[in-house]
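In: this one's sequence-less:
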Ligand code: FES
Ligand code: FES
């Protein structure tokens, strides 16, 4: 079957099988390998993407469900328009050493960006709760938490300027 | 010169750009033309005779390319998976070493043991066909725990391994220990279990293999911590292909923690199969498959006793351990509970006599091998729990008893009674630092505040030492290593002065691209952005032993530093010629070769140009080019150590333990990049906290089924399980590594389990609780509280 959706800002039309997973569509058919698969029980959060702005574990989505929606993957995160810079959340992860092996990072970033939407000042407790669905085995979370707090603040400064 | 970032700086990591933008290149991201998909069929039984496999239905399924079994392996005359360490028992006899076939032959010995490999056009087709494979098993009774495995009448895994004992091993002076115990004023005893763990790097294991008929070469992309070792073991011992015909690539790897440092059967099978089907094959494990096939860690049952004099001075330590090694011997398997465990039982103390007996035991479980810390967390747990037990029984303060027995800074180098000689350290300094950082002085107030809320608060200490920088080949050889453990590095200065480093270690999160570049910057004075670190590809890098045991900076960094010194030496010769001075008068500093006492100089860029464009160059005495290689084999292990303090709050209503504070002061020697070191410590500590409070691999004793077989049943720490940690370093410099580094990758995991459990026991001590086995789950703690010998008093 054919579906049409907006992928990282670009209108996209693809043929999909009824039981194809969104992760498979992205990784195998559309070449977007930034969305990672870390588990088979929807526990790890490595596959988080945005569906119409909300963070969703893409391993729980069937490809046909993407029809008509707007999908954002880590490849679509962007810095200020027209710049080659990183998104403020990506910048904050780099600045605060919020990643080591990088495997959980795309999912962490997508969760973090959604968490920060509309909330310029996130508390440590809010961030730790907000990251409940994402596992990182490398960083011990402390630097991720710092990064998300800083990234949230930076996103709002960027939005205001 | 611009942007020279040296030792001690914390530049942002070079690797982050690609990881942050989704442009990492992990094995599962790679596609090859004409690629097929492979699926492993794994045993559903813990123990069974493999009576036969009928491939007919599977072969007839749509898209199937081939189905391979142990019989095909045997027909092709392939070797079995090698064990890299050969240890000997106390009777001098070598360990029992039954073959570990790459696909099961005759019998299966754990749930997950590989029985067949199915190759099809797509992963779905391969999975469907795998379901159709008819495997005739005759189930046998399983045994999964060490106590059961050595009991009379237990099911026996191998005909020639009576009582399932692979090796009955010992270390230390038994007679001296017995004498000391007879003189002791007090003996503290403890029985404990060190729980079985599953490493769970976030990237599941994966491999792609390809055979090129034109050249007869194989390429294997694999999620490995040591691609060169995989190439060596697989080519020389398993598949028997000349090594130069095999290329192993470990690209971006999403975490390892030891789990990815073994040569796995999947790697050998897929490489062999790629030639059989003449097509590239890809296999990507699911997380659940990882639980059944990634090597597990820990799993000890231990009886330990500490003899003390009336002042609380340690006189002797005696430890008897049964170590579960699983169904077969994995690459480092027998080395972990023996050589990496018993020599660390000295801890940071002056205990004069130590004896340790380890029985390495086969069971119907996934093979056990190195997991972050490997042997050393187990040793630390024994010692640090036992010290607390002794302190409580003798009524001595836990800090005071530690301090009284610690090796003083001035006593280093310190020879322990169990093989190892610590070159440097300052346990008292680390303890003092941690007492202040952890605000131990005011713990009483915090405990009282918890009590007012009806909660029990506890404080736990762990002072530890580890042996890392896994190398000294001569020493390792005496202990049974079947390979060398040195490292190699090449420093290639390009004609325009940029530098490529080829190194045999492998980075899978540790940030080598940044740390190693800093070493080059510091040594050669070139800009940070002009240095690239290359690793993980046996066709590009000459040789290497990979990354595990905190060896990368210690051994690899030293090789790199040596190679850079050679570059400087050659540069001086070139400069002497160009500047018309004596070689002995040339000085090198901050990227410039100059004639001593003058302002005449040449930059390293100018020297590089001269080396590659040898128009004015002493060709009679010097080769063109500026590239040097070094191998480094250290003389000793390095000995990081430190003091960790955990603070917990226990809710008596639910038994839930909450970690409310964590302080660590670690001595990791010279710190090259403080930001990266701190990150390593954070990650390590949380893995240790995971063992102490949440993680546990559980087998059903009779069926041999792994009950914690997915992330739903195996609890990994998440962000809201952790408080903010206070981390600092207190460096004494390693006396034998070139930069004074000691390694930092595992210290957190080694120090933390004992600190957390000591805190939990402290919180419950008023109920008469003297020990808690890991993980201290709510259920376990709630039961302890319910069964407490002292009733809960209203406070
Ligand atoms: S892949 Fe683990 S939650 Fe989606
Ligand atoms: S950085 Fe490795 S899993 Fe998070």
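Out: Looks like it arrived, so ask away. Everything numeric in this text was worked out from a predicted model, so none of it was measured. Ligands and ions are numbered 1, 2, ... in the order given.

In: which secondary structure state is assigned to the closest residue to chain A within the stretch 601-750 of chain B?
Out: Distances between the stretch 601-750 of chain B and chain A by Cβ to the nearest Cβ are smallest at residue B:682, namely 3.2 Å. Where you see a C-beta, it was placed from the backbone N, CA and C, and this is true even at glycine. Judged by DSSP: H, G, I helix; E, B strand; the rest coil, the three-state class of residue B:682 is helix.

In: for the closest residue in space to it that isn't next to it in sequence, what are its contacts?
Out: Nearest in space to residue B:682, with sequence neighbours left out and distances taken as Cβ to Cβ, 6 or more residues apart in numbering or on different chains, is residue A:140 at 3.2 Å. The contact partners of residue A:140, taken as Cβ atoms under 8 Å, 6 or more residues apart in numbering or on different chains, are B:679, B:681-686, B:722, B:725, B:748.

In: dump these to CSV, plus neighbour count and distance to ligand 1.
Out: Formatted as CSV, the contacts of residue A:140 follow (neighbours: other Cβ atoms under 10 Å in any protein chain shown; distance: Cβ to the nearest ligand atom, whole Å):
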residue, neighbour count, distance to ligand 1
B:679, 27, 23
B:681, 28, 27
B:682, 26, 22
B:683, 28, 19
B:684, 28, 23
B:685, 31, 24
B:686, 28, 19
B:722, 20, 20
B:725, 23, 26
B:748, 29, 25
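
In: turn those into JSON lines, columns for pLDDT and distance to residue B:511.
Out: Converted to JSON lines, these look like this (pLDDT from 0 to 100; distance: Cβ to Cβ, whole Å):
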{"residue": "B:679", "pLDDT": "97", "distance to residue B:511": "8"}
{"residue": "B:681", "pLDDT": "97", "distance to residue B:511": "13"}
{"residue": "B:682", "pLDDT": "98", "distance to residue B:511": "13"}
{"residue": "B:683", "pLDDT": "98", "distance to residue B:511": "11"}
{"residue": "B:684", "pLDDT": "97", "distance to residue B:511": "14"}
{"residue": "B:685", "pLDDT": "98", "distance to residue B:511": "17"}
{"residue": "B:686", "pLDDT": "98", "distance to residue B:511": "17"}
{"residue": "B:722", "pLDDT": "96", "distance to residue B:511": "21"}
{"residue": "B:725", "pLDDT": "97", "distance to residue B:511": "19"}
{"residue": "B:748", "pLDDT": "95", "distance to residue B:511": "15"}
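
In: nearest to residue B:98, out of these: which one, please.
Out: Within those, proximity to residue B:98 (Cβ to Cβ) peaks at residue B:684, which comes in at 34.1 Å.

In: that older thread, from what I can see the residue of the stretch 601-750 of chain B closest to chain A touches residue B:726, true?
Out: No: with contacts defined as Cβ atoms under 8 Å, residue B:682 does not count as touching residue B:726, sitting 10.9 Å away.

In: what strand or helix carries residue B:666?
Out: strand B:657-667 (DSSP states H and E).

In: does that strand reach chain A?
Out: No: Strand B:657-667 lies out of reach of chain A by Cβ under 8 Å from any Cβ of the partner chain, never closer than 9.8 Å.

In: gap between the lowest-mean-pLDDT helix or strand in chain B and the chain center?
Out: In chain B, no helix or strand scores lower on mean pLDDT, DSSP states H and E than helix B:473-479, which sits at a mean of 87. From the chain centre to the centre of helix B:473-479 is a distance of 19 Å (Cα atoms, centre = their mean, to the nearest Å).

In: tell me which helix or strand comes right after that helix.
Out: strand B:487-493.

In: residues in contact with the residue nearest in space to the middle of chain A?
Out: Closest to where the C-alpha atoms of chain A average out (Cα atoms, centre = their mean) is residue A:110, at 2.1 Å. For residue A:110, the contacting residues are A:48-50, A:55, A:72-74, A:77, by Cβ under 8 Å, 6+ apart.

In: what's the burial count for the residue nearest to it when sequence neighbours are not counted?
Out: Nearest residue to residue A:110 in three dimensions, chain neighbours excluded: residue A:48, at 4.3 Å (Cβ to Cβ, 6+ apart). Taking other Cβ atoms under 10 Å in any protein chain shown as the criterion, the count of residues near residue A:48 is 27.

In: residue A:48 against residue A:107, yeah?
Out: Yes: using Cβ under 8 Å, residue A:48 is in contact with residue A:107, at 4.0 Å.

In: so the closest residue in space to residue B:55 that isn't next to it in sequence is in which element?
Out: Counting by Cβ to Cβ, 6+ apart, residue B:55 lies nearest to residue B:67, which is 4.6 Å off, once chain neighbours are set aside. Here residue B:67 sits within strand B:64-69, counting by DSSP H and E.

In: tell me the bridge partners for the residue nearest to residue B:55.
Out: residue B:118 (DSSP bridges).

In: contacts only, for it.
Out: With Cβ under 8 Å, 6+ apart, residue B:67 has these contacts: B:55, B:58-59, B:116-119, B:129, B:133.

In: tabulate the residues you listed in a markdown table, adding columns for pLDDT and distance to residue B:609.
Out: As requested, those are exported to a markdown table (pLDDT from 0 to 100; distance: Cβ to Cβ, whole Å):
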| residue | pLDDT | distance to residue B:609 |
| --- | --- | --- |
| B:55 | 98 | 63 |
| B:58 | 98 | 63 |
| B:59 | 98 | 63 |
| B:116 | 98 | 59 |
| B:117 | 98 | 53 |
| B:118 | 98 | 57 |
| B:119 | 98 | 52 |
| B:129 | 98 | 60 |
| B:133 | 98 | 63 |
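
In: show me the contacts for residue B:462.
Out: B:380, B:384, B:643-646, B:751-755, B:758.

In: no, scratch that, I was asking about residue B:354
Out: Applying Cβ under 8 Å, 6+ apart, the residues near residue B:354 are B:171-173, B:177, B:316-319, B:342, B:345-346, B:416-418.

In: what about the residue in chain B sticking out farthest from the centre, which SS state?
Out: Note on chain B: the largest C-alpha distance from the chain mean falls to residue B:580, namely 51.3 Å (Cα atoms, centre = their mean). With three-state DSSP as the basis, residue B:580 sits in coil.

In: who are the neighbours in contact with the residue of the stretch 401-550 of chain B found nearest ligand 2?
Out: Closest contact between the stretch 401-550 of chain B and ligand 2, by Cβ to the nearest ligand atom, is at residue B:509 (5.1 Å). Listed by Cβ under 8 Å, 6+ apart, the contact partners of residue B:509 are A:100-102, A:138, B:253-256, B:683.
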